[in-house]
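Peer 1: only geometry, no sequence info:
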């Protein structure tokens, strides 16, 4: 006995509607996958990516550390810089000062002008400095708040600004407008001290 024609027609329509619904759901799913937004960039992710300013500050600190190391090196009786070394190092130092930082090639040029004993002394100084910096970085984060970290960075930047102003001969004008702490002792910035040393040594 066959099915009534109306029942067969109803079953056919139901199958067509079901297939259409399934296709519609698939299209919606694909569309959602296509327009699904990417995960938002969180503040932690942004902080993990060093900014251009951070990189510049780091390179400036490396410059100060190297120049300061050369000044300390020159005070050692048997490691003082010679006139020939001063002639080689001075142009590199002046170029680095103009750029406000020092790159790897410039650092290598300075190191290449030193004797083995001078390099060993400078390397030992660098190791000690890096060790102290690592110890500070490894301190528990709760012991150094964000405000304290910002204060340290700002103090370094203010100090460097004053040193550059002194080198440019505008410290009197600045000090008449606002009171700024004196830069590190020994007369002027590290860069200025090193340039004066190399100029006098090269004569």
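Peer 2: Ah, there it is. As the structure is a prediction and not an experimental result, all values here were calculated from the model. Residues are numbered from 1 along each chain as shown.
Peer 1: worst mean pLDDT across the helices and strands of this protein, which element?
Peer 2: Ranked by mean pLDDT, DSSP states H and E, the weakest helix or strand in the chain is helix 171-177, scoring a mean of 42.
Peer 1: and the helix or strand just after that one, what's buried?
Peer 2: Helices and strands here follow DSSP states H and E; after helix 171-177, the next one along the chain is helix 190-201. Residues of helix 190-201 classed as buried by neighbour count (16 or more other Cβ atoms under 10 Å): 190, 191, 192, 193, 194, 195, 197, 198, 201. No exception for glycine: its C-beta is placed from N, CA and C like everyone else's.
Peer 1: other SSEs contacting helix 190-201?
Peer 2: helix 52-74, helix 83-99, helix 146-168 (3 or more Cβ pairs under 8 Å, 6 or more residues apart in numbering; DSSP states H and E).
Peer 1: now the ones you listed in JSON lines, with distance to residue 131?
Peer 2: What follows is those, written out as JSON lines (distance: least, Cβ to Cβ, whole Å):
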{"stretch": "helix 52-74", "distance to residue 131": "13"}
{"stretch": "helix 83-99", "distance to residue 131": "25"}
{"stretch": "helix 146-168", "distance to residue 131": "18"}
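Peer 1: which among those helices is found nearest to residue 129?
Peer 2: For those, the distance to residue 129 is smallest for helix 52-74, at 6.0 Å, taking Cβ to Cβ.
Peer 1: next up, the contacts around residue 118.
Peer 2: Contacts for residue 118 were tallied using Cβ atoms under 8 Å, 6 or more residues apart in numbering; they are 73, 79, 81.
Peer 1: mind listing what residue 130 touches?
Peer 2: For residue 130, no residue meets the contact criterion (Cβ under 8 Å, 6+ apart).
Peer 1: what helix or strand does it sit in?
Peer 2: Short version: residue 130 belongs to helix 116-137, going by DSSP H and E.
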